[in-house]
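Asker: Give me the fold of what follows.
(2 chains)
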Amino acid sequence: QQQVKQSPQSLIVQKGGISIINCAYENTAFDYFPWYQQFPGKGPALLIAIRPDVSEKKEGRFTISFNKSAKQFSLHIMDSQPGDSATYFCAASFETSGSRLTFGEGTQLTVNP
Amino acid sequence: NAGVTQTPKFQVLKTGQSMTLQCAQDMNHEYMSWYRQDPGMGLRLIHYSVGAGITDQGEVPNGYNVSRSTTEDFPLRLLSAAPSQTSVYFCASREPVRRIQFFGPGTRLTVL
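Answerer: Numbering: from 1, shown residues only, chains lettered A, B, ... in the order given. Have a look, this model is predicted:
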């Protein structure tokens, strides 16, 4: 059972544009929502994370928007750059699970120059 | 710090063979885990450990064994490899306060 659904599967944007990736979750016990960035041949690396007590978190060009009532969260990449081309994964966990991460399916982002 | 290291980077097995994927971390993290990554399915948890001597099953544990004799090492054993185990395997360790998981570079395994 997939508890975190991610869309779109792939995304192509122009340099300077906004990239938006969406995730929806089912388990209301989740209390930690990270986004991971993965380049080809590398392991995933934490990009940004949010907890459900805030609706938005921004770090540089990357913003997480969180909607607790809708059980959805999204990643916005402002001024997208070719170097942002990678696969992005949303994930969720809750502390009493030992912080086991449940991942979305992944989004392959391509930023054209 | 080397972070999380994994060996080998690539491996080809024949059906029925066994092997061990190695994982080590030098950050003194208690929590470690193994994931497999398959196209269109994200990363799925195989096994995890909350400390030396303590392991538990994740989402897809069948066909895999783990042990944790030290804080640093968390090997994953394939007892009798099957083509369905063809995947990229990632080991991770977790920083406890901020709950950040650090992933290794992965092992790409092909089972013929």
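
Asker: List the residues that contact the spatially most central residue of chain B.
Answerer: Taking CA atoms, centre = their mean, the centroid of chain B lies closest to B:Trp34, which sits 3.1 Å from it. By CB atoms under 8 Å, 6 or more residues apart in numbering or on different chains, the contact set of B:Trp34 is B:21, B:23, B:45-48, B:58, B:64, B:66, B:74, B:76, B:89-92. C-beta: built from backbone N, CA, C; applies to glycine.

Asker: wait, does stretch B:65-74 make contact with chain A?
Answerer: No - between stretch B:65-74 and chain A, judged by CB under 8 Å from any CB of the partner chain, nothing touches; the nearest distance is 13.3 Å.

Asker: Pull out the buried residues from that stretch.
Answerer: Across stretch B:65-74, burial judged by 16 or more other CB atoms under 10 Å in any protein chain shown covers B:Val66, B:Ser67, B:Arg68, B:Thr71, B:Glu72, B:Phe74.

Asker: what number of residues lie near the nearest residue to B:Tyr89 once chain neighbours are set aside?
Answerer: In space, and not counting its chain neighbours, B:Tyr89 is closest to B:Thr107: 4.7 Å by CB to CB, 6 or more residues apart in numbering or on different chains. By other CB atoms under 10 Å in any protein chain shown, 22 other residues sit near B:Thr107.

Asker: Enumerate every residue touching B:Thr107.
Answerer: Residues counted as contacts of B:Thr107 (CB under 8 Å, 6+ apart) are B:Gln6, B:Thr7, B:Pro8, B:Lys9, B:Phe10, B:Gln11, B:Leu21, B:Val88, B:Tyr89.

Asker: list the contacts for the first one?
Answerer: Taking CB under 8 Å, 6+ apart as the criterion, B:Gln6 is in contact with B:Leu21, B:Gln22, B:Cys23, B:Tyr89, B:Phe90, B:Cys91, B:Gly104, B:Pro105, B:Gly106, B:Thr107.
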